[in-house]
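Chemist: Just a sequence and a predicted model for now, questions to come.
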Amino acid sequence: MAFQQGLSGLNISSKALDVISNNIANASTIGFKAGQTQFADVFAASLGVAGASVVGTGASLASVQQQFSQGNVSSSNNPLDIAINGNGFFQLKPSVDSERSTYTRNGQFRVDSNGYIVNSQSSFLTGYQLDKDGAKISSAPVALSLDMSNIGGEPKATTTIEAELNLDDRDLKSLASASPNTLAAWDPTDPTSYNYSMPATMYDQRGVPHTLSMYFSRLDNSAGALPEKNLWQIHYTLDGHDITSTVVAKNSGQTGTTPTIEFTSDGQMVTDSTLFSTATDANNFIDSQFTINQAVLETFDPGDGSTPFAGRFASSVDLDFANTTVFGSGYNPSKLVQDGYAKGDLNSVSVSTDGKVRANYSNGQTFDFAQLVLFSFQSPTGLRSLGNNQWEATTASGSALEGTPGVGGKGVLQAASVEEANIDLTQELVTMITQQRNYQANAQSIKTQDQILQTMINLR
């Protein structure tokens, strides 16, 4: 009888329409993966019947498999919306200390009241917490927290200042006593007593900014002839106080007079001590690197009866003028870099393509405080769907394989973005029409069988 076959056909067509309807309903669900019905034919067991004579008894629903193809990635306004472009799943835990793990492609996250990164169901995103040096704090993925007490925005005292500039070789003013073009005795308040000046900001151990000013003066001029082109003195003031006497040559440690830098005849700085020329003053020290010594600053008398620099700065601050030149072109400070900064407040959090979660501070500093990881499966279609865009591992899927985004076949991450559902609405609507016709055809086979039976009953 065709009733059984027709009924089975109605049943699987109805199930197929359920799956299609579910796909369409979730077309706007972030991270959703489409389901696909798979059918199988059914044969009744029969003894002694040749295979060619066996008539099938209908069809059955073999499985509903989810399709883990890539969905479109679109941007959002939430920096903690994270899309996976490629293979992999985020790992979630229902509680901070739970041993159970679920997996998702929906990367819509937020920060809860306790500072943890969670999804809309308050499940906790896992990864590795990092210390300030970028080393993993935990040996296994844990619920990630925005508690960055191990990093923070604490200030850093300046320890290095690197300056690179060109001193104009055509500037003939010098400190020589002979005229013409003679500079006055150095005085930071008198612009005629130096050739050029360069201010720099440096920070003490409390993150307070201070102004370090450097004054460059050509050293020699021979009785009105072209000046000596190889020696320049550097005077220093810190917040307006002359601290030149606290600066020592880094390589030799020699002190006693104004720091001096030397240039070769082609305008390049001399950095090899064996190449230094003999200074006219035996107390002069020539170098390209100097150090402000805090021990000297602590005893420094700025003239107002106080020692305002005592204990405030790093034990030493290195000054490096490497690659400074004396060319016949304009004065040009091309580089001024120092490594200190003030206290900073957390401005924002960002995520890199390889999963580094970065804290961005108001003082311009950034620190990676967490590392996201992705998990893959030998057979993702074997995952058990739990709803809420979450799956759990089964024996059919295999164990979760951990990895870094962008490494070993894992996808890369895209912050402030979401992965849309991989639903092709046009295809779903066409499939719906097909299943509707299948349903009608199966209903027609039942109707036809009914008419045949009715004809048999009416036989006289």
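Modeler: Structure's in. What do you need? Numbers count the residues shown, from 1 in each chain.
Chemist: those helices in the stretch 251-400 of the chain, which residues are they?
Modeler: Taking DSSP state H, counting those that start in this stretch as the test, the helices found in the stretch 251-400 of the chain are 294-298.
Chemist: Point out where it drops to low pLDDT.
Modeler: 251-256, 272-287, 301-306 (pLDDT under 70).
Chemist: ok, how many other residues are close to T158?
Modeler: 23 (other CB atoms under 10 Å). (C-beta placed from N, C-alpha, C; glycine too.)
Chemist: Would you map out the domains in the chain?
Modeler: 2-69+422-457, 73-153+352-419, 160-338 (automatic domain parsing).
Chemist: Relative to G344, which of those is closest?
Modeler: Among the domains of the chain, domain 73-153+352-419 comes nearest to G344, with 3.2 Å by CB to CB.
Chemist: circling back: could you dump the domains of the chain into JSON lines and include mean neighbour count?
Modeler: What follows is those, written out as JSON lines (neighbours: other CB atoms under 10 Å):
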{"stretch": "domain 2-69+422-457", "mean neighbour count": "15"}
{"stretch": "domain 73-153+352-419", "mean neighbour count": "17"}
{"stretch": "domain 160-338", "mean neighbour count": "16"}
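Chemist: Export those as TSV, with columns for distance to L346.
Modeler: Formatted as TSV, the domains of the chain follow (distance: least, CB to CB, whole Å):
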stretch	distance to L346
domain 2-69+422-457	27
domain 73-153+352-419	6
domain 160-338	15
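Chemist: How far does stretch 415-433 sit from its chain's centre?
Modeler: 30 Å (CA atoms, centre = their mean, to the nearest Å).
Chemist: quick one: contacts of that stretch?
Modeler: 16-17, 20-21, 23-24, 26-34, 67, 69-85, 105-108, 350-352 (CB atoms under 8 Å, 6 or more residues apart in numbering).
Chemist: One more: stretch 3-19?
Modeler: So stretch 3-19 is contacted by 35-37, 39, 42, 56-61, 64, 431-432, 435-436, 438-439, 441-443, 445-446, 449 (CB under 8 Å, 6+ apart).
Chemist: Which ones among those residues lie within helices?
Modeler: T431, M432, Q435, Q436, N438, Y439, A441, N442, A443, S445, I446, Q449 (DSSP state H).
Chemist: Surely the third one and I20 touch.
Modeler: Yes: taking CB atoms under 8 Å as the definition, Q435 is a contact partner of I20 at 6.6 Å.
Chemist: shared neighbours of those two, anything?
Modeler: In contact with both Q435 and I20: no residue, using CB under 8 Å, 6+ apart.
Chemist: tell me, what residue is most central in the protein?
Modeler: Among the residues of the chain, the one closest to the centroid is S352, at 3.4 Å (CA atoms, centre = their mean).
Chemist: any idea how far it lies from N332?
Modeler: Look at S352 and N332: by CB to CB, to the nearest Å, they are 35 Å apart.
Chemist: which residues touch the residue nearest to the centre of the chain?
Modeler: With CB under 8 Å, 6+ apart, S352 has these contacts: R358, L413, A415.
Chemist: Can I get the ones in helices among the contacts of stretch 3-19 in TSV including distance to P308 and pLDDT?
Modeler: Shown next, in TSV, are these (distance: CB to CB, whole Å; pLDDT from 0 to 100):
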residue	distance to P308	pLDDT
T431	80	92
M432	80	94
Q435	84	91
Q436	87	91
N438	89	90
Y439	89	89
A441	95	90
N442	94	87
A443	95	87
S445	99	87
I446	99	85
Q449	104	83
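Chemist: Which of those sits closest to A135?
Modeler: Taking the ones in helices among the contacts of stretch 3-19 together and measuring to A135 by CB to CB, the closest member is T431, at 51.5 Å.
Chemist: so how far is stretch 318-333 from its chain's centroid?
Modeler: On CA atoms, centre = their mean, the centre of stretch 318-333 falls 35 Å from that of its chain.
Chemist: Repeat that for stretch 313-323.
Modeler: On the basis of CA atoms, centre = their mean, stretch 313-323 sits 30 Å off its chain's mean C-alpha point.
Chemist: Start at 53, not 1
Modeler: Taking 53 as the first residue, the last one we looked at is stretch 365-375.
Chemist: Report the beta-bridge partner residues of V299.
Modeler: I344 (DSSP bridges).
Chemist: That one: what's it in contact with?
Modeler: I286, Y288, T307, P311, F342, T343, I344, N345, L371.
Chemist: Need the pLDDT of the second one.
Modeler: We note a pLDDT of 92 for Y288 in this prediction.
Chemist: what does R162 give?
Modeler: pLDDT, R162: 93.
Chemist: With K225 instead?
Modeler: Value for K225, per-residue pLDDT: 88.
Chemist: Check the gap between it and T234 for me.
Modeler: For K225 relative to T234 (CB to CB), the value is 7 Å.
Chemist: ok, now T178?
Modeler: 72 Å.
Chemist: what sits against the residue lying closest to P261 once chain neighbours are set aside?
Modeler: Spatial nearest neighbour of P261, chain neighbours left out: T253 (5.1 Å); criterion: CB to CB, 6 or more residues apart in numbering. By CB under 8 Å, 6+ apart, the residues touching T253 are P261, H262, T263, L264, Q390.
Chemist: Roughly how far does T253 sit from N415?
Modeler: From T253 to N415 the distance is 12 Å (CB to CB).
Chemist: Now, the contacts of stretch 467-485 that are in strands?
Modeler: V125, S126, S127, I134, A135, I136, N137, S402, V403 (DSSP state E).
Chemist: mind putting those in CSV, distance to S191 included?
Modeler: Compiled in CSV, the ones in strands among the contacts of stretch 467-485 are given as follows (distance: CB to CB, whole Å):
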residue, distance to S191
V125, 32
S126, 36
S127, 35
I134, 24
A135, 28
I136, 24
N137, 28
S402, 26
V403, 22
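Chemist: Identify the farthest-apart pair in these.
Modeler: S126 and S402 (18.1 Å).
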